[in-house]
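> build me a model:
(one chain, ligands or ions: 1)
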Amino acid sequence: MTDQTVLIIDDEPDIRELLEITLLRMGLDTVTAGDVQTALEKIEQYQPNLCLTDMKLPDGNGIDIVRYLQKNYPHTPVAVITAFGSMDTAVEALKAGAYDFVSKPVELPKLRDLVQTALKLSAGKKGPHAQADTASDDPHGSSILGDSPAMRQLKATIGKLARSQAPVYIHGESGSGKELVAHQIHLQGNRTKAPFIPVNCGAIPENLMESEFFGHKKGSFTGAVADKQGLFQAAHKGTLFLDEVADLPLTMQVKLLRAIQEGAVKPVGGLEEMPVDVRILSATHKSLEHEVAAGRFRQDLYYRLNVIKLKVPPLRERQEDILPLADFFLRKIAERWQMPPIRLSPAARSELESYVFPGNVRELENILERASTLCDNNTIQPDDLQLPAASITADAVASPLSTPAPISHAPGTTAEEPEGKKAKTEPEPLPAWNPVDEEAERDLILRALEQTRWNRTKAAEVLGMTFRQLRYRIQKYGLDEG
Ligand SMILES: Nc1ncnc2c1ncn2[C@@H]1O[C@H](COP(=O)(O)OP(=O)(O)OP(=O)(O)O)[C@@H](O)[C@H]1O
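Purely as a prediction, here's the structure:
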């Protein structure tokens, strides 16, 4: 491990020193802070790969740091150091998004394991705009697969659009590949040396939106501890992909329109406009026309974004792409899990070919990921696919869900099962997550994974933890090696 920096936050110099020595011996760089304010400054300055924080600090507590990182650097893992016996605070920190905790007095072997696991998982993901995890490792790593007439036409259009600078509005059902298309438009054009910045407009809290898009100046609001560049500045000379653009609140739509028209943005708390050269691509699975008619989307912005409209066809309209995509995903899964090649039996192949895939390509990938875990002798049979027995109703197609596995939901979660896919027998609800009893936690995670047929996104939802927290625990308990 080299070139990795760990920020150690503790107000006791002796503990800071002990942790520093331990981590330096592991070949890691360290930075230290004795209070929350200094820690936030060091985070901005060094963008560490991992943070270890004490809970009680002179000007706040470790949870403030957990929350700050969750919001601004969601890929930076943070572990908390708790006073002996104070399990309540450990649980609170875990629920706020911390990866793990160590109790004082710190057991160094446990600390080393924790650091190693957290760094392995966060490797390569740094910076405020790193993308959130998805069940698939790299949504952009591959080019667009598919040789059906619809896809050939789409690829030819992408080639032409890549040469232009016009805004493109990409529409299509959920999971059909809109983001992949946007990324290809960027990669094949002349902006490829600058970044492609995808942003999920529905995922940014409304009160932070302006600062996320346009940046802010230090001190412009509570928590603005340093100047921060916005998504527009980050995408300068590159491409900004506004995913789920229909979810932008009306107030933000006005500001966005202005920024696009002027080609300039003003950071929150700043006095001067900064020119930005950004190509705007946008997408939604909703009907933007319908949103305009309903008064939820400004018509002037709609015309700005929708200079060229590009449709990504649903998978069921390009049946000949299903098996080549399936073979590609199976190769990827075998590689990722370091397994021998996984095959589809002829009967499984024909089942896939006649399925309608309401969740499109993403659903195909999820089905295969689950089937690869369930199958014997590395050959997937129809039963392993677990496709719904009844044919899918039009309602189900209109409200796609990427994973058909039956699951139960933790209280407070709202995932819905579409009508045509309701589980025949509801699984037994899981007990509440108790993150401090390791044995119980391991057992609970295993049960959730089995219940969701190893769909980690769904299992995290069932458990009420984030995908990253679950991924960390799967690795910590060696559950991915079985
Ligand atoms: N033609 C394709 N070739 C290879 N992979 C594909 C293809 N289409 C989609 N995928 C993969 O399927 C997954 C879903 O695609 P993507 O995220 O681009 O869909 P989307 O339409 O943007 O979804 P959403 O509406 O939920 O944002 C990704 O992992 C993507 O890499």
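> quick one: residues contacting the residue of the chain found nearest the ligand.
Closest residue of the chain to the ligand, C-beta to the nearest ligand atom: Gly177 (2.8 Å). Heads up, the C-betas are built off the backbone N, CA and C, glycines and all. Contact analysis of Gly177 by C-beta atoms under 8 Å, 6 or more residues apart in numbering lists 144, 312, 360-361.
> near the ligand, list only the ones from those.
144, 361 (C-beta under 6 Å from any ligand atom).
> which of the contacts of Gly177 are buried?
144, 312, 360-361 (16 or more other C-beta atoms under 10 Å).
> state the pair within these that is farthest apart.
Greatest spatial distance in the buried ones among the contacts of Gly177: Ile144 and Asn360, 13.2 Å, computed using C-beta to C-beta.
> for Ala39, phi and psi?
phi -60, psi -40 (degrees, to the nearest 10).
> that one is in contact with Thr32, isn't it?
No: in this structure Ala39 lies outside contact range of Thr32 using C-beta atoms under 8 Å: 9.1 Å.
> hang on, the earlier thing: model confidence for the residue of the chain closest to the ligand, exactly?
Looking at Gly177, its pLDDT is 95.
> what about Arg318, how many residues close to it?
By the criterion of other C-beta atoms under 10 Å, Arg318 has 19 neighbours.
> that one contacts Ala150, doesn't it?
Yes: proximity of Arg318 to Ala150 meets the contact threshold set by C-beta under 8 Å, at 4.7 Å.
> need the residues of this structure near the ligand, please.
Close to the ligand, as judged by C-beta under 6 Å from any ligand atom, the chain has residues 136, 139, 142, 144-146, 172, 174-180, 243, 285, 325, 361-362, 365.
> list the buried residues of stretch 274-290.
Going by 16+ other C-beta under 10 Å, stretch 274-290 has these buried residues: 274, 276, 278-286, 288.
> next one: stretch 468-482
Taking 16+ other C-beta under 10 Å as the criterion, stretch 468-482 shows 468-477 as buried.
> of those, which belong to helices?
The helices, defined by DSSP state H, take in 468-476 from the buried residues of stretch 468-482.
> give the rounded mean pLDDT of stretch 304-321.
So the average pLDDT for stretch 304-321 ends up being 92.
> now stretch 258-274
Taken as a whole, stretch 258-274 carries a mean pLDDT of 91.
> same deal with stretch 37-47?
92.
> quick one: residues in contact with that stretch.
Contacts with stretch 37-47, where a contact means C-beta under 8 Å, 6+ apart, come from 5, 7, 9, 31-33, 48, 51, 53, 57, 59, 65, 68-69, 72-73, 76, 126-127, 225-226, 228.
> can you rerun that using 6 Å?
Residues outside stretch 37-47 that contact it (C-beta atoms under 6 Å, 6 or more residues apart in numbering) are 5, 7, 9, 31, 33, 59, 65, 126, 225-226.
> and it, what's buried?
Neighbour-count burial for stretch 37-47, counted by 16+ other C-beta under 10 Å, picks out 38-40, 42-44.
> between those residues, which sits nearest Glu450?
Distances from Glu450 to the buried residues of stretch 37-47, taken by C-beta to C-beta, are shortest for Ile43, at 37.7 Å.
> how far does whichever strand or helix holds the closest one sit from the chain's center?
Secondary structure assignment for Ile43, by DSSP states H and E: helix 36-46. Relative to the chain's own centre, helix 36-46 is displaced by 24 Å; criterion: C-alpha atoms, centre = their mean, to the nearest Å.
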